[in-house]
Each structure stands twice: as C-alpha cells, then as structure tokens.
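Participant: Provided below for reference: sequence and predicted model.
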Amino acid sequence: MLRVSRQAIVVLFVALTFSGVLAAQIRPTPQPPRRPTAPPRTAPPPKKTPPEPDDDRGGKEAPTPAATTKQSAAADTTPAGTGAALYKKNGCYECHANEAQGGPQGPRLGPTPIPLPRFLAYVRNPAGDMPPFTAKVISDQDLEAIYAFLQSRPTPPAVKEIPLLQP
Amino acid sequence: MGATKSSKRTRLERREFLQRGALAGAAALVGSGGAVDAQTAPPVPAAAAQGVTPIMTAAGEAIGPGEVQVIGDNQRSGSDFMVDVLKSLGFEYVAANPGSSFRGLHESIINYGGNQAPELITCMHEESAVAMAHGYYKAEGKPMLVAAHGTVGLQHASMALYNAWCDRVPVYMVIGNYNDAAVRRPAEWYHGVQDAALMVRDFTKWDDTPWSLTHFAESAVRAYNVSVTPPMAPVLLVLDGILQEQGVDISRLPAIPKTPVPSAPQGDATSVEQAARMLVAADNPVLVVDRLARTPNGMKLLVQLAELVGAGVVDQTSRMNFPTRHPLNQSLRAGAAIGEADLVVGLEVADFWASVNALRDQLHRSTRRTAKADAKMITITTGDLYVRANYQDFRRLQDVDLAIAADGEATLPALIEAVQRLASADRRRVFQERAAKLADASRVAADRARVNASYAWDANPVSTARLAAELWAQIKNEDWSLVSSYYTSDLGGWPRRLWNFDKPYQWLGHAGGGGIGYGAPASVGGALANKKHGRLSVAIQTDGDLMYAPGVLWTAAHHRIPLLSVMNNNRAYHMELMHVQRMCNARNRSVDRGAVGSQITDPNIDYAKLAASMGVYAEGPIDNPAELSPALKRAIALVKRGEPAVVDVVTQVR
C-alpha cells in the first residue's frame, strides 16, 4: 500500500507540473517577446576573387598580395608581375601588406622604395626585427623583380581628394 | 544587534550540523545490527523530513525512499538565500552554460529571483561566459556574475579567467560541486573534486568553498569587495550542491553582510610630493598610461594633469585613458615622445620595462634602452602591490627613481593638487610653450597617418585602413562604442589613428593575457552593457578569434543584444604565420611553406552563413571596398532596432 501510495504521489506531481497547476504557483520568468525565426538574410552571393595564375584551387586562396587583386590578376610576365608573385611567395606581404603599403609590423615599401643597392643590402642584413633573407633563400635577381613590383604600386590619390580621410 | 543575531544563527547552523552527525551515527548503529528491510524501514527522521539531508551511510542508503520531499512553506532552499545575497551585490546579469552541479542555484535564479537582477544569459561555452563578463565590466564598470559547472565547466572557463586576471578585471564566478562524496550521483564523480578552485588559484585573487549559508553570505560579500578593490582580479566561490539544494527555515536564515567596498589605495603624501616636484622641474616629461582609467573620472584626471604640466601622453590603450585627438596625445609618435623625454611617468603600466627598452626578436635576442640614458623614471601602479609566483605577467624589472605602490587613478587628485601648488608662474609659461610644440607634433603625426591610410585605398581585398575609414563614416554621428578589443582586431591601430575617441566607453582595451577567443564574447558582453545606455556597439571581429566559440553569436541573437560585428577576415592566424616565417628565415630555409598550419582557407569559411544560421542578420563576404558603405548602412539600421548583425569583410592581411 505504501509503495502504491508513493507512485501515486509521483504521478500526481508530474501531472500537476506539466498541467501548469504548479507552474501557477511559481514566479513567472520574464521572457523577451518571441520573434519569427530570422530568415538567413545574407547578401547576394559574393563576388569571387579571381584565382591567381599559379593557383589551382579555384579561388580558395587566402587574401594575398597584389597578385590577387583584380587589376593584376591576369598573367603578367613583366618584371613587376613576376615580382608580385615573388612578393607573395617570400612572405613580404605578411608584414608590409598586400600592396606594400605597410602595416603595424612593417613600413610602406612602394611605390617609391629606397634605392635598389640599399634595398638589397637591407634585405640581407636588416636592422630591427625584420628577419634576414640570405641568397640561399632568395636571389638578387628575384629581389630585383620584387623591387620592380614595389615601384609599380599605384600612387594613391591625394588625401584631400578622399572625403573619408578628412579630419 | 546585528552581530548578536548573526551569532545566534551561526550557533543554530552549528547545532544543525551536529544534529546531522548524530543522525548519521544513529544510522550507523542501526546498520551494524544487520540489513534493514526497506518495507519495514524506520520512519524518516524528523530532521530529514524538515529538509536536512542526513549524511549517507551503508545503512542509510539501504533505507527505502521516504515521502516525497519538497521545501516546506516555511523554508527556503539554500540557493534561494544565495540569490538574495547575490541580489544585494547588484548583479544585473549572470552568464552561464548550464551544469547540474549548480542546478539549485540555476532554478533559484530563474524562479525565486524572477530571472531579474541577475538575469540569466545563456552561453554556449564557459569561456564565452567569462569573456562576456570581462567585456561587460570594461563597458559598465561593475562585475558580471558567471555561473559554471564544477570541474569541467571551470576547465572550459580557465583561459578566459586567465585573460581577465592578466587584465586586472574583476569577474565574479561561482561553480557547483558536491563536496560530500557519499551523496554524489555517478556523473558527479567525474565532476567532483577535493579542491575545486585549485586549478585557477594562480590566476584568481581569492576563492572560497563555503560550508554553511552564513559562511556563504560572508564569503560572497568578501569576494565582491576583494575583486573590485584595486588591484582588481577575478574571484571564485565553490557552492556545495547540497548546500544549494537543502531547505532552511526562513526564521533561521543568516543576515546578509553590508560591508562597503574598500577605497582604492592612494600614494603616500611624501612620495606624491616628490613626484610632483620631479614633474614640475622636468624639461620634457611624458606620461605613459596603460590600465589607468578605472572609471570615467580617470580620463578627466589625466587630461587635467597633462594640461596642467604641458606633458605629452602615450596611451598604451589597455583602457580608454586619453582622447585620441587631444593635442597632447603623442601615441602616434610614442617612440619619439619617450625617446625625447627627460622624465617618464608610468601610470598603471603593465610592462614599464618595454616602454623604455626594446627587445630585438632575432636568432640572437638582444635588448637596448629606448629612453634617454639619463631620463628619470617614476611608476605609480598597483602592480607593485600584487605579484604572484607562477605565471610571469609581472614582466622585467625596470630601474626607476621613484616607485609608488598605489592605484594610479586614486593617486592623481593628490598629484594634481601638489603640482598646482608647486608650479610657479614661470614654470607654467614653460608648460604652455611645451604644450604648443607637442600639439604641432601631434598634428603632423595625424596628417602622416591619413597619408598612410590613402595607400591601397581601392585595393581588393579591402585595406584595413579603408575598412576603418568606411566604418567611421557610418558611426561618427552616433553614440558609438568600439567593443572589440584584441591586439589587431582594431585593424592594426587604424581606428585609433583615424577616429575621434573622447568618451570613456568608446574603447574597452585588450584581452589581457593574449588568449585568442576573447574578442567575440567580450564584444557581446560589452554590447550587453551598452544596451541600456542606447549606445551603438561596434566590433571589428577577427576570423580566427570568432571560430574559437562562434556560439556567442547565438547568445547575442537570443538575448537581443544590439551589436555590429564587422569581420576583419584575413583568412589566417596571421600573427602566427609571421612567427613561422621568422623561423624559416632564422634556419635559412625557403619561406614559401610558412603559411602551412596558419591559414584558414580551403575551404574559406562563410561567416555570413555561420551568423545567419544562428538568427543573426549577416552580409558578405565583401572584398570590394565600394560595397562596404551600403552594407554597413543596412546592418547599422538593423542594429539600431535592437539586433546583432555581422558584415563579413575580406581584408588585406594587415
């Protein structure tokens, strides 16, 4: 009898709980008003970055230096075009940014780099935190191509012509 | 009277504890006589029927189930009382991922406490909960409560606690644990622990495991005061599961202590006077500040001191210390400003050595002093009051001429008063001339920053400078707050170079310990604090950071937390990528494989779809700068209606 009585109490408790009788005795929890489930409000499909000439992964590449920009995505066998690929391959963009415009870890390099002899000497034996590049890692010829790429960077419009940069 | 009442309650609790022990002893005696038939089990002891859980023994466990036990009308659960205490501390929110070891407290918060003050914020990860509390504190100036499962929940939370500790930010955390091994359910053995707080004790300021409700009340108030008294840091309370769940007669509930928060330590008068004399006498002093502004008054005081002595200010930005466009702000030419100074005053600077020295990160590491060889130095910091042994956040020791172990902000009024008293009319003229030169230097640095921003202006992917400028154009006429705060999530410093930060809540500082994954949840926490003030919260969200625990986007959607997250999506853990390249160079190997293991590509992550899947408005990926402005306008319109939004922008690497 005792066991049956306990079961009955348990059943009654569960029933009351789910029927809301007990719920009425507890303080209601404030809830924000529900809203319809948000539809996926994504923008139109993204414009794909054209793959690089040496990229066989169909545009699944990280943002990389100027070689990925729309202006320079086409195959370019000029010294500057070769230099763009070498700029990426040798990781120059990692500190000096994709367009050699500089960043927190490295100064701007183009479009008016330091004279070529000084440039070559500095890359081999840099001051500060820049890691050294030996001739085993990159040849003078490749550095000259990178130098051509740096010189080819577009000169930006004057600041006074960019409304967003006015103080 | 209060003390007498409290003593009486403590005695009652002690009597109850002894009574429980006596019951256990009686049960053991019964057990020693042989097995007890469940059908003929003795009646449930009166104390147990009143909600006092007897200590379990072999005999006790053999007793059949008694009458269904519920808390009596004249009783409160222990965790109801805990909610009363927590309410007295003024918590607005409790961030939590649910866990059974604090189920009692969870239920008390939502039912007994009405889910208001604190309101439960549902988190998808304990690390997100703590980081939300971290960001919330820096926007609101008071701690958020975090509740977590014992052991596994705390393990998840530990990195975020470490960030908060390194950042000297108070986070008030409670976890559950069934201390009594005899009453643990099977799963609770994996989560049960002898000393639950041990694993985070090195990077919390204080912890306790209360054994009674009186003990809890005192420790809860003590924990709050300890956490918010400079030097501030996280605290942890371990709440016993049975203490949460058992009932206590309402008439026997202990009193809630009402101890005020202690005042912050100020520098002693003699040292402050000496610092003032050095400041007045200096030809070219510079004020270097990092975690100075604890309250909105901190910025006002710093402006007052800088203008009074005509000193340049270098803001290392762990807090919003000084207006970015103030003429004395020399942060854009920090190296030159410190290098020219004959007096460097460090105010709550976490790494003063690195402020006046540099370490060259090459195969052979070397250091050099960047300050003048004969420059005098003063530090005022609570860092001198709180040094722990294991984790090395105390940095290198710098020789200084005067070290004041005190809170910087609390010491500034006395320092300002002393300078005002000591500065002659002649010196004040010198101060004005110096300030004019510093204003010129500051203007030149700002102009140079705008020129730098113009390079790669139309590049694709978007340059980080362009993104910062586009975003500024959309928010500059709003009451905005930049709530993201990781080393590079502010676009390598572009907002500070291009935006006008002049209010205390417009910048929340950094992660503290450098643990990635802080940015997204801290932004949501900051936005939660900003919500009631009607501020437009903006985050510049890095991709690698978001992917640690992206579920916080769901939390933002679920709780209607308005936040504009603009992705700084460079598809890499780029800082680590640079470190690997450095190693390639140091070993004289080709660097073209340096990106292996650090890039987040193949496949690219679609953050817009990720956000949309959790009910967050999203656009992108955008890599064309011309598309930025309309996308930001649409997203901001939605955020201003009270919802989160994500705009995924593919950016240049730096």
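Facilitator: Noted; the coordinates are in hand.

Participant: can you name the residues bridging to B:R76?
Facilitator: For B:R76, the beta-bridge partners are B:V248 (DSSP bridges).

Participant: I'd assumed B:L253 was in contact with it.
Facilitator: Yes - the pair B:R76 and B:L253 passes the contact test of Cβ atoms under 8 Å, sitting 6.4 Å apart. The way it works is simple: take the backbone N, C-alpha and C, and place the C-beta from them, glycine included.

Participant: those two: who's more crowded?
Facilitator: B:R76 (22 against 18; other Cβ atoms under 10 Å in any protein chain shown).

Participant: for B:D399, which non-adjacent residue is closest in space?
Facilitator: B:M377 (7.4 Å; Cβ to Cβ, 6 or more residues apart in numbering or on different chains).

Participant: again but with B:P504, I slipped
Facilitator: Per Cβ to Cβ, 6+ apart, closest to B:P504 is B:P296, 4.1 Å.

Participant: contacts only, for that neighbour.
Facilitator: Applying Cβ atoms under 8 Å, 6 or more residues apart in numbering or on different chains to B:P296 gives the contacts B:141, B:504-505.

Participant: now do A:P154
Facilitator: Neighbouring residues of A:P154 by Cβ under 8 Å, 6+ apart: A:P111.

Participant: compute the distance between it and A:E99, please.
Facilitator: Using Cβ to Cβ, to the nearest Å, A:P154 is found at 8 Å from A:E99.

Participant: point out where the stretch 351-500 of chain B drops to low pLDDT.
Facilitator: B:486-492 (pLDDT under 70).

Participant: so which of the contacts of B:P296 comes closest to B:R589?
Facilitator: B:R589 lies nearest to B:Y505 out of the contacts of B:P296, by Cβ to Cβ, at 47.6 Å.

Participant: specify the beta-bridge partners of the closest residue to the closest one other than its chain neighbours.
Facilitator: Leaving out its chain neighbours, the residue that sits closest to B:Y505 by Cβ to Cβ, 6+ apart is B:S481, at 5.0 Å. Beta bridges link B:S481 to B:S537, judged by DSSP bridges.

Participant: and B:S481, how far from chain A?
Facilitator: 21 Å (Cβ to the nearest Cβ, to the nearest Å).

Participant: toward the C-terminus, what is the element adjacent to the helix or strand bottoming out on mean pLDDT in chain A?
Facilitator: Within chain A, no helix or strand scores below helix A:2-19, which has a mean of 42 by mean pLDDT, DSSP states H and E. Going down the chain from helix A:2-19, the next helix or strand is helix A:79-89, by DSSP states H and E.

Participant: what's that following helix packed up against?
Facilitator: Packing partners of helix A:79-89 (3 or more Cβ pairs under 8 Å, 6 or more residues apart in numbering or on different chains; DSSP states H and E): helix A:140-151.

Participant: buried residues in the helix it packs on, which are they?
Facilitator: For helix A:140-151, the neighbour count (16 or more other Cβ atoms under 10 Å in any protein chain shown) marks A:142-151 as buried.

Participant: likewise stretch B:505-522?
Facilitator: Buried residues in stretch B:505-522 (16+ other Cβ under 10 Å): B:505-513, B:515-522.

Participant: which of those residues fall in strands?
Facilitator: Among the buried residues of stretch B:505-522, no member falls in strands (criterion: DSSP state E).

Participant: so what's the residue count around the residue lying closest to B:L347 once chain neighbours are set aside?
Facilitator: Sequence neighbours aside, B:G408 is the residue nearest to B:L347 in space, at 4.2 Å (criterion: Cβ to Cβ, 6+ apart). Neighbour count for B:G408, taken as other Cβ under 10 Å: 32.
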